[in-house]
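>>> 3D, please:
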Amino acid sequence: MAASSSVDQQDGGTLGAWNPRLALLVAATFFMEFLDGTVLTTAIPSISTDFAIPAADVNVTMTAYLLTVAVGIPLSGWLAERFGARRVFCAAIAVFTLASLACAASQDLATLTLSRIAQGAGGAMMVPVGTLVVLRGTPKSDLLRATAFLVWPGLLAPVLAPLVGGALTTYLSWHWIFLVNIPLGVAAFIAALRLVPVAPGDPGRRLDWPGMVLTTLGVGALVAGLELASSHPDGPWAALSAAAGVAALAAAVLWMRRTPNPLFNLQVFRTRTFRAMATGGFVYRVTISSVPFLLPLMLQAGFGWSPLHAGVLVAAVFVGNIGIKPATTPLIRRFGFKAMLVFASLASAVTFALCAFLTPETPEALMFLLLVCSGAFRSIGFSAYASVQYADIPPAQLTSANTVSATLVQLGTGSGIAVAALLIRSFETVPPLSQDPAGPFRGAFMAMAILMLASTADSILLPRHAGAAVAEGSRKQPRPGEPAAVQPAPAEPGVTRPAPGPREAPLPRPPAGGRAPQR
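Numbering: from 1, shown residues only. Below you'll find the predicted structure:
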């Protein structure tokens, strides 16, 4: 795979020490971006009433936002290198905050849609550039702790979005879904100016225009196809759009393998631990992303529960996510990435299968326990994939790896909802599932459980000690208060000092009396 060695060379090194406050800041901005991707769903009826338009027309605002985020991510890596990650990250927060204010002030659908596009542009830069800022300052030994901060927004936002959106819309108005971003965005911008390290950009870094155009068209067509598949599955446009997206991405890969300065350094896929994120990790995200969509629908349409009743029970997934989070890093350090990835995917498949057997008569305490376990397993899997993908990536390829990962995450999340919607429609005509209101959802859960086993198989094929530099990194670090003589400091960040050679005898220790021996 031919790629220029100059790709990603700028800012290739790490700072040697990670900053928890910086990681928390980036995680907070992620939460705003992820939450705004789905929170508007609960406000659609109110917006349609205020604008005097059909509720179905409001969906264009959500599609515009998700599509802008997806097509903007591939460009974010080049922007960070060209202008500096700090400058781009701060600009992204400012654009997102101002666009949120414009959304709240919108008086018609056209203005709201344009404001959502601007908001998506800010979000497209916040996610990958913020991750890059954290990763560049984090040595391998602290990568697990750093990614633990970055994982929770993706876990919690889909679960909390219905509750947050419903509460704001019910007790205030739909405008507050966007207004709450204003003080958060201002605080994040001020904190970013103080916490994000200054890194100069590369004015000579040229943009790979053909690669950027092909990648943007491919990602955009795929996301549009996924949205059409879930909203208009009967027409041919979803398949045509997805096919066009795959063709454009294939052309982008062929182009970037031959050009000397590609948009992405595709050599990142030669690293097995990173490739695991693009294979089994992609399947894992697709199946996990389907749960916040499938479960509330089954409880409401299948069991006849109210939205509030269903939302309270779905919050059990949130409890599992939070409850297991302090233990995810120790578990990975104790058993390794391979064992925990196999366990997380296999256990998640079991919980999906058990969800297929739930009935309105099932005790709610048992349902709650099952969903708590499901949330815990998905938290372990997300944390493991988020860390192992960067375990063996050289610093010079970090920007490309981060941008490719962010793009695949966006596609995986959208694919989960689209696949779940297609499965529900497919099982609506399959007897005897079609005779049970919850039958199509049961079939979808079983199909997702089987699909999750593909992720398990991919994890089984990982090397036994995959990601050992990250999973075991902290064991090699000196303990707090330990004298430096016991653990010599490395000469460079991330590079351990070599042992004395055969002719380099160590200095003799002083005798018990305290006097140094004579040479």
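
>>> which non-adjacent residue is nearest G412?
Nearest non-adjacent residue to G412, counting by CB to CB, 6 or more residues apart in numbering: R285, 3.5 Å away. All C-beta atoms are positioned from the backbone trio N, CA, C, and that covers glycine.

>>> same question, E364
Counting by CB to CB, 6+ apart, the residue nearest E364 is L313, at 6.8 Å.

>>> Would you mind confirming that that neighbour is in contact with V372?
No. The pair L313 / V372 is not scored as a contact, 10.7 Å apart, by CB atoms under 8 Å.

>>> and the residue nearest to G412, what does it touch?
If a contact means CB atoms under 8 Å, 6 or more residues apart in numbering, then R285 has 385, 409, 412-413, 416 as its contacts.

>>> how about the residues you listed in a markdown table, adding neighbour count and distance to L453?
Formatted as a markdown table, those follow (neighbours: other CB atoms under 10 Å; distance: CB to CB, whole Å):
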| residue | neighbour count | distance to L453 |
| --- | --- | --- |
| Y385 | 28 | 16 |
| V409 | 21 | 21 |
| G412 | 20 | 17 |
| T413 | 24 | 20 |
| G416 | 25 | 16 |
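
>>> so which one among the residues you listed has the lowest pLDDT?
Least confident entry in the contacts of R285, by pLDDT: T413, with 78.

>>> one step back: okay, now the residue nearest to E364: neighbour count?
L313 has 18 neighbouring residues, counting by other CB atoms under 10 Å.

>>> From A420, how far out is it?
18 Å (CB to CB, to the nearest Å).

>>> ok, now L398?
33 Å.

>>> So which of those two has more stuff around it?
A420 (26 against 23).

>>> and M126, how far is that from L79?
12 Å.

>>> Name the residue in the two with the higher neighbour count.
Neighbour count, other CB under 10 Å: between M126 and L79, M126 has more, with 26 against 23.

>>> Return the residues in contact with the closest residue to W78 other than its chain neighbours.
Leaving aside its sequence neighbours, W78 sits nearest to L207 (CB to CB, 6+ apart; 5.6 Å). Contacts here follow CB under 8 Å, 6+ apart; on that basis L207 touches 78, 82, 263.

>>> if I pick the last one, what's in contact with it?
Yep, that's L263 we're talking about. By CB under 8 Å, 6+ apart, the residues touching L263 are 74, 77-78, 207-208, 211-212, 215, 252, 256.

>>> Output these in a markdown table; the columns should cover distance to T131.
Shown next, in a markdown table, are the contacts of L263 (distance: CB to CB, whole Å):
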| residue | distance to T131 |
| --- | --- |
| P74 | 14 |
| G77 | 11 |
| W78 | 15 |
| L207 | 21 |
| D208 | 21 |
| G211 | 21 |
| M212 | 20 |
| T215 | 18 |
| A252 | 22 |
| M256 | 21 |
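
>>> average pLDDT across the helix or strand hosting A191?
According to DSSP states H and E, A191 maps onto helix 181-195. Mean per-residue pLDDT for helix 181-195: 89.

>>> Only the buried residues of the helix or strand following it, if you could.
Downstream of helix 181-195, the first helix or strand assigned by DSSP H and E is helix 209-231. Buried residues in helix 209-231, counted by 16 or more other CB atoms under 10 Å: 211-212, 214-230.

>>> State the phi and psi torsions of F264.
Recorded main-chain torsions at F264 are phi -120, psi 150, according to degrees, to the nearest 10.

>>> who's in contact with it?
Counting by CB under 8 Å, 6+ apart, F264 touches 7, 74, 77, 211, 215, 256, 400, 403-404.

>>> Of those, just the buried ones, PyMOL syntax please.
A single PyMOL command selects the buried members of the contacts of F264 (16+ other CB under 10 Å):
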select buried, resi 7+74+77+211+215+256+400+403+404
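
>>> Let me have the contacts of F264 in JSON lines, extended by pLDDT and secondary structure.
As requested, the contacts of F264 are arranged in JSON lines below (pLDDT from 0 to 100; DSSP: H, G, I helix; E, B strand; the rest coil):
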{"residue": "V7", "pLDDT": "42", "secondary structure": "coil"}
{"residue": "P74", "pLDDT": "84", "secondary structure": "helix"}
{"residue": "G77", "pLDDT": "81", "secondary structure": "helix"}
{"residue": "G211", "pLDDT": "86", "secondary structure": "helix"}
{"residue": "T215", "pLDDT": "88", "secondary structure": "helix"}
{"residue": "M256", "pLDDT": "89", "secondary structure": "helix"}
{"residue": "S400", "pLDDT": "83", "secondary structure": "helix"}
{"residue": "T403", "pLDDT": "84", "secondary structure": "helix"}
{"residue": "V404", "pLDDT": "86", "secondary structure": "helix"}
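
>>> Find the residue ranges of the stretch 51-200 of the chain scoring beneath the pLDDT cut-off.
For the stretch 51-200 of the chain, the stretches with pLDDT under 70 are 56, 154-156, 158-159, 162.

>>> And the strands in it?
Remark: no strands are assigned in the stretch 51-200 of the chain by DSSP state E, counting those that start in this stretch.

>>> What ranges does it have for its helices?
Applying DSSP state H, counting those that start in this stretch to the stretch 51-200 of the chain gives helices spanning 59-83, 85-104, 109-136, 143-171, 176-179, 181-195.

>>> ok, the closest residue to L184 other than its chain neighbours - contacts?
Distances taken as CB to CB, 6+ apart put M32 closest to L184, at 6.1 Å, once the chain neighbours are dropped. Contacts of M32 were listed using CB under 8 Å, 6+ apart, and they are 96, 126, 181, 184-185, 188.

>>> Now do the SS call for M32.
Classification of M32 using DSSP: H, G, I helix; E, B strand; the rest coil returns helix.

>>> and the gap between it and A252?
According to CB to CB, M32 stands 30 Å off from A252.

>>> same thing with A349?
To A252, A349 is 33 Å away according to CB to CB.

>>> higher neighbour count, the two?
Using other CB under 10 Å, the more surrounded residue of A349 and A252 is A252, with 26 against 22.

>>> between the host helix or strand of that one and helix 59-83, how big is the angle?
Here A252 sits within helix 237-258, counting by DSSP H and E. Going by axes from the mean of the first three to the mean of the last three CA atoms, to 10 degrees, helix 237-258 is angled at 10 degrees with respect to helix 59-83.

>>> What helices and strands are in contact with helix 237-258?
Helices and strands touching helix 237-258, by 3 or more CB pairs under 8 Å, 6 or more residues apart in numbering; DSSP states H and E, are helix 209-231.

>>> The helix it packs on to helix 59-83, inter-axis angle?
160 degrees.

>>> Tell me how far helix 209-231 lies from the chain's centre.
Mean C-alpha position of helix 209-231 versus that of the full chain (CA atoms, centre = their mean, to the nearest Å) differs by 18 Å.

>>> Then stretch 417-436?
28 Å.

>>> what does stretch 330-346 give?
With CA atoms, centre = their mean as the basis, stretch 330-346 stands 19 Å off its chain's centre.

>>> Dump that stretch to CSV, restricted to CA.
Taking Å, rounded to 0.1, in the frame of the first residue of the first chain, the C-alpha atoms of stretch 330-346 are listed here in CSV:
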residue,chain,number,x,y,z
PRO,A,330,-8.5,-3.1,35.8
LEU,A,331,-10.3,-6.0,34.0
ILE,A,332,-8.5,-5.2,30.7
ARG,A,333,-5.2,-5.0,32.6
ARG,A,334,-5.8,-8.3,34.4
PHE,A,335,-7.1,-10.4,31.5
GLY,A,336,-5.9,-8.6,28.4
PHE,A,337,-7.8,-7.1,25.4
LYS,A,338,-8.5,-10.4,23.5
ALA,A,339,-10.2,-12.1,26.5
MET,A,340,-12.3,-9.0,27.3
LEU,A,341,-13.3,-8.5,23.7
VAL,A,342,-14.4,-12.1,23.4
PHE,A,343,-16.3,-11.9,26.7
ALA,A,344,-18.0,-8.6,25.9
SER,A,345,-19.3,-9.6,22.5
LEU,A,346,-20.4,-13.1,23.6
